[in-house]
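# Here is the input, now give the coordinates:
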Amino acid sequence: MNKADAKQTSQAEPSVPEHPSKAHRQTIFVEDAEILSHQNHPGEQHILRLHAPRCAAAALPGQFGHITVDDRLPLRRPISIMRVDPEQGWVELLYKAVGEGTRLLAQRSPGELLNMMGPIGRSFNVTQARPLLIGGGVGMPPMIFLAESLRHTGRQPFVILGSEVPFPFQPAPSRIMIPGLGANVIASMPLLEDWNIPCRLASQQEFPGTHHGYVTDLARQWLDTLDETGLAEAGLYACGPHPMLEAVVRVARDYDLPVQVSLEEYMACGVGGCAGCTVPVQTTAGQKMQRVCVDGPVFDGYTVFWAG
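Okay, here's the model as predicted:
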């Protein structure tokens, strides 16, 4: 992969520059990563932990790894990063087995090696004091990574996770009260609770303790509890299916808030070679087609969902 393709810029403006900064193009590494653990969860979801110390030391929330899943398939698979531990050198990924490549990956065992390229892509850039993090399905990992990165920054994140299959963790009642939300909406992700980060879960499957509806329902309920000062400190950050991201940008527009979205669902080869992930983006030079894998995956939400 041409390292010049790895781009990362701030998303502060409503239109992205025609030529994004390439400041992080020297932080992509290729490693033979040992599988440390490989957990199976309902809904064909899998959590993969790899020993990839160079990637772990450089990764930022919103970036992804590009993995050779099996010798029979030369094309790598892009998978977003959920957690890293730079000291121990591991990278954790959540993926869903939905095609031949990820189903072959699901058969790999601890002790085996996977060739990994990463970290790749533009990351989230949080500037607001009260960031609202929204993840849906396999879009949850970047939000978990982002939440962990904010633990000791003085910011006050609130995380909303949604899934239509059982969550890849055991939800538990939250001990962190959130005014304005339904009294029965108490399910949270235990790991976020351990970090003292408030979280709520949403699903249309009526899982116990979750909001029975959309993640954006909870987002609006939470935003409605904020006063003028709180809204001035808020911003939205999201990753998930296209319809969810479009709905998140509508929420941001309704409340006049900044919003960043990760368009990982569009990625194919992950290195810009196939051009199968191009999307129209509003830039300072007008509408341009940009590749999600190398120009993103994180974009200012208003540049990709500009229609009201």
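# what about stretch 40-56, average pLDDT?
Stretch 40-56 comes out with an average pLDDT of 97.
# Okay, buried residues for that stretch please.
The neighbour-count check on stretch 40-56 (16 or more other CB atoms under 10 Å) flags 41, 45-56 as buried. From N, CA and C alone the C-beta is placed, and that goes for glycine too.
# distance of Gly240 from Ala247?
Gly240 is 10 Å from Ala247, where distance means CB to CB, to the nearest Å.
# neighbour-wise, which of these two wins?
The residue with more neighbours, out of Gly240 and Ala247, is Gly240; 27 against 21, by other CB atoms under 10 Å.
# Read off the pLDDT value for the more buried one.
94.
# And for the one 5 residues further on?
pLDDT, Leu245: 96.
# Could you do Ser21 as well?
Ser21 is assigned 44 on the pLDDT scale.
# Tell me which residues are up against the lengthiest helix in the chain.
Looking across the chain with DSSP state H, the single longest helix is helix 242-255. For helix 242-255, the surrounding residues in contact (CB atoms under 8 Å, 6 or more residues apart in numbering) are 134, 136, 139, 162, 214-216, 219-220, 223, 231, 234, 236, 238-240, 257-259, 261, 263, 265-266, 301-302, 304-305, 308.
# What are the buried residues along that helix?
Using 16+ other CB under 10 Å as the burial criterion, the residues of helix 242-255 that qualify are Met244, Leu245, Ala247, Val248, Val249, Arg250, Val251, Ala252, Tyr255.
# Next secondary structure after that helix?
Toward the C-terminal end, the helix or strand that comes next after helix 242-255 (DSSP states H and E) is strand 259-262.
# pull the CA atoms of that following strand into CSV?
The C-alpha trace of strand 259-262 is given here as CSV (Å, rounded to 0.1, in the frame of the first residue of the first chain):
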residue,chain,number,x,y,z
VAL,A,259,-21.1,16.1,13.6
GLN,A,260,-18.5,13.6,12.4
VAL,A,261,-19.4,10.2,10.9
SER,A,262,-17.4,7.1,9.9
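# circling back to that earlier point, of the contacts of helix 242-255, which belong to strands?
Ile134, Gly136, Gly162, Ala234, Leu236, Ala238, Cys239, Val259, Val261 (DSSP state E).
# Just give me the closest of those to Arg108.
Cys239 (24.6 Å; CB to CB).
# Against Ile28, how distant is that closest one?
20 Å.
# before we move on, what about Asp217?
When Asp217 is compared with Ile28 (using CB to CB), they lie 38 Å apart.
# repeat for Gly296
Per CB to CB, Gly296 is found 15 Å from Ile28.
# Mind checking which of these two has more residues around it?
The residue with more neighbours, out of Gly296 and Ile28, is Gly296; 27 against 22, by other CB under 10 Å.
# Could you pull out the helices in the stretch 1-150 of the chain for me?
In the stretch 1-150 of the chain, the segments counted as helices under DSSP state H, counting those that start in this stretch are 53-58, 100-105, 140-149.
# now what about the last one, what contacts it?
Outside of helix 140-149, the residues that reach it under the criterion CB under 8 Å, 6+ apart are 59-62, 80-84, 93-94, 124, 126, 131, 133-135, 157, 159, 161, 163, 168, 189, 191-192, 195, 197, 199, 237-240, 262, 264.
# what residues are up against Phe167?
With CB under 8 Å, 6+ apart, Phe167 has these contacts: Leu161, Met189, Leu201, Phe207.
# Confirm that it sits in a strand.
No - with DSSP: H, G, I helix; E, B strand; the rest coil as the criterion, Phe167 is located in coil rather than a strand.
# Any stretches of the chain with poor pLDDT?
1-26, 265-268, 307-308 (pLDDT under 70).
# which one's the longest strand in it?
strand 29-41.
# what's in contact with it?
Residues from elsewhere that reach strand 29-41 (CB under 8 Å, 6+ apart): 46-55, 58, 90-91, 106, 108-118, 166, 168-169.
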